[in-house]
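S.K.: Attaching a predicted model along with its sequence, questions to come.
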Amino acid sequence: MMNRLIIWSLLLFFNVHVVAAKPIDITSRLYVLPVLADQSINVVKRYKMNSEMERVGQMIVLELGLNERSSDIVEAIEVWYSAGDTSLLKESNKTKYKLLQHLKAKKGSNRLSFNADLKQGDNYFWISVTVRPVKDMQTPFTLSYKKLSVNKKKHLIEDTSESRHRLAVAVRRHKQEGVHTSRIPGIVTAKDGTLVAVYDARYESGRDLQGHMDIGVSRSLDGGVSWLPMEVAIDMGEYGGLGQKWNGVSDPNILLDDNTGDIYVAGLWMYGVIDETGTWYPGLKDGKEIWNHQWKTKGSQPGFGIKETSQFLMVKSTDNGKSWSSPVNLTQMCKKEDWWLWAPAPGHGLTLKDGTLLMPTQGRDKTGKAFSNITYSKDGGKNWTTSNPALPRSTTECMAVELEDGSIMLNMRSNLNASRKGDDNGRAIATTTDLGKTWIEHPTSHKALIEPTCMASIHKHRYKENGEDKTILIFCNPDSKYERVNITLKVSKDNGETWETRTLLDEGKGRGYSCITSIDDDTVGVLYESSQADLVFQQVALIDLM
């Protein structure tokens, strides 16, 4: 009998075994996203804890350090939890996540301790910060990660890393001021220092033309820290007896005359709809619905009339963007009659050394194929001339810079990159010395600057170094061949021959358009379509780019 008891005891011991649970596998990743003061969730880091079994009531302790500057900026730190869901935590989806702790931030060590039940498989813990109203955007703040423990066991993911985060301002948010979507940014710094930003104010949806949309304007008087309410630069109202949704204006370009201080804004106006057969649709007044776009099928056609082709409009401000003239129609002045389309290219224009005003433009030729070119005025904006297409291949949205030798470099979105994902993926680049009568493809074309087929911006920044005048080129786009992610600044110190320095602003997925302006010798500003808001503005110190 005693032997049986011993055997049963041994069986019980080995079958209901006392085996130590396998350790939790912990990994982490930092996020590079603009940190916005007007939203409560700004993700800075995520921990992934993989557990081979379900674990109840795990005590987790995380210590973060804040230096003096960071403690002045960060108001609170939060930890959120999700099981198996890797989609980025945002304001818009936070109901899918569980808030585990909210801690008021302080200088020095900040200890976050909380209980969590771990599901079998992957468990995600998101570290988020809330920041105080922005005062100084230029200098990033840092977070240092001291240690992480689960049930008093220090996990070596020895978390002694440090992360830097850039503050930003949401200039335009979804459905702000009655505007469904704000898209297509352009920005200049006026002569008095005012930042003047333009964009599509798409009132009813995020869709491109045709639709109810105007060219909106936002101004900042303090270098982008705060922005005045939206105003409107171009609005065609209910022209011709058609409703607002049939009189949309889109795709703004903004140009500062460096000599006079006048600011020009161009936009593309569609009157009614030209259907896929190239015929202006007559039934709109009867309430019939139809949609087409100037780049789709035959949505814009040869000719000059408003029922034949989309119209190129321009307005002017002589008071640093406070007010705008009535629109002037440049279509017949510049467009070739057999072109299907002639339109502004989004972003900003420039003033050449000799005073010529230059604006990047785009269109569709007599066969409907897309092209990029430039449009210029040599008499202070009274008369304009448009150039020959830069390249024979299909290109669209473009921006220009004047190089040190006086030539103009045009940096273009290439439709070839929709299928090119190898070493031949890259922005199309060409130069001209005669205002676009002739063009030469640049050696870096389709090689130097990758893209996911998206608008990009290029800007020439002037500064002084040891009293000597210097210039650099700054380029911004989604730094990817596949998706509109990783909004990145790149710098060229040799007139676009090489691009080396990279500054990542936003790794998240957004719409990807951008525009750059010089705030002063030491600072640039970037307005871009962000993963965090429709339009975000950030200051970047020149020293961070170099």
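M.R.: Alright, I've got the coordinates.

S.K.: got the buried residues for stretch 166-179?
M.R.: By neighbour count with 16 or more other CB atoms under 10 Å, stretch 166-179 contains the buried residues Arg166, Leu167, Ala168, Val169, Ala170, Val171, Arg172, Arg173, Gln176, Val179. For the C-beta atoms, the positions are set from N, CA and C on the backbone; glycine is no exception.

S.K.: residues making contact with that stretch?
M.R.: Residues from elsewhere that reach stretch 166-179, judged by CB atoms under 8 Å, 6 or more residues apart in numbering: 34-39, 73, 131, 134, 136-137, 140-141, 180-182, 197, 199, 201-203, 216, 218, 224-227, 229-230, 505, 527, 530, 532-538, 540.

S.K.: Run the chain-centre distance for it.
M.R.: The gap between where stretch 166-179 is centred and where its chain is centred comes out at 12 Å by CA atoms, centre = their mean, to the nearest Å.

S.K.: can you tell me the distance between the two ends of it?
M.R.: Taking CA to CA, to the nearest Å, the first and last residues of stretch 166-179 lie 27 Å apart.

S.K.: circling back: from the buried residues of stretch 166-179, which is closest to Leu352?
M.R.: Distance ranking of these against Leu352, using CB to CB, places Val171 first at 28.8 Å.

S.K.: helix, strand or coil for that closest one?
M.R.: Under DSSP: H, G, I helix; E, B strand; the rest coil, Val171 falls in the strand class.

S.K.: So what's the residue count around the nearest residue to it once chain neighbours are set aside?
M.R.: Counting by CB to CB, 6 or more residues apart in numbering, Leu535 is the residue found nearest to Val171 once chain neighbours are left out, at 4.5 Å. Leu535 has 30 neighbouring residues, counting by other CB atoms under 10 Å.

S.K.: and what of Lys369?
M.R.: 15.

S.K.: What's the separation between it and Asp251?
M.R.: From Lys369 over to Asp251 the distance is 19 Å, taken as CB to CB, to the nearest Å.

S.K.: Run through the protein and note the low-pLDDT ranges.
M.R.: Within the chain, the ranges that satisfy pLDDT under 70 run 1-21, 154-160.

S.K.: Pretty sure the residue nearest to Val171 sits against Ala201.
M.R.: No - using CB atoms under 8 Å, Leu535 is not in contact with Ala201, being 10.9 Å away.

S.K.: tell me, what's touching these two both at once?
M.R.: With contacts taken as CB under 8 Å, 6+ apart, the residues that reach both Leu535 and Ala201 are Ser182.

S.K.: Arg173 versus the residue nearest to Val171, what's the distance?
M.R.: If you go by CB to CB, the gap between Leu535 and Arg173 works out to 8 Å.

S.K.: any shared contact partners between the two?
M.R.: Among the neighbours of Leu535, those also in contact with Arg173 (CB under 8 Å, 6+ apart) are Ser182.

S.K.: Burial check on Gln294, number of neighbours?
M.R.: Counted with other CB under 10 Å, the neighbours of Gln294 add up to 23.

S.K.: Give me the three-state assignment for it.
M.R.: Secondary structure assignment for Gln294 (three-state DSSP): coil.

S.K.: right, and Thr260 touches Ser377 too?
M.R.: No - counting by CB under 8 Å, Thr260 does not reach Ser377; the two are 11.9 Å apart.

S.K.: between these two, which one's more packed in?
M.R.: For Thr260 against Ser377, the residue with the higher neighbour count under other CB under 10 Å is Ser377, and the figures read 21 against 14.

S.K.: For that one, give its distance to Arg484.
M.R.: From Ser377 to Arg484 the distance is 33 Å (CB to CB).

S.K.: Domain boundaries for this protein, per the record?
M.R.: With the TED database serving as the domain definition, the record reports that the chain contains domains spanning 25-165, 168-544.

S.K.: Among the ones you listed, show me which one is buried the most.
M.R.: With neighbours defined as mean count of other CB atoms under 10 Å, those peak in mean count at domain 168-544, which reaches a mean of 20.

S.K.: Straight-line length of that domain, end to end?
M.R.: Domain 168-544 stretches 16 Å from its first residue to its last (CA to CA).

S.K.: How far does that domain sit from its chain's centre?
M.R.: Domain 168-544 sits 13 Å away from the centroid of its parent chain (CA atoms, centre = their mean).

S.K.: With stretch 119-131 instead?
M.R.: On CA atoms, centre = their mean, the centre of stretch 119-131 falls 26 Å from that of its chain.

S.K.: just stretch 30-43 next, same as before
M.R.: In terms of CA atoms, centre = their mean, the centre of stretch 30-43 is set 15 Å apart from its chain centre.

S.K.: Please enumerate the helices of the stretch 1-150 of the chain.
M.R.: Remark: helices of the stretch 1-150 of the chain, listed N- to C-terminal, are 2-15, 68-73; assignment by DSSP state H, counting those that start in this stretch.

S.K.: contacting residues for the closest residue to Ala170 other than its chain neighbours?
M.R.: Setting aside the residues directly before and after it, Ala170 is nearest to Ala533 in space (CB to CB, 6+ apart), at 3.8 Å. Residues in contact with Ala533, defined by CB under 8 Å, 6+ apart, are Leu36, Gln39, Ala170, Val171, Arg172, Arg173, His174.
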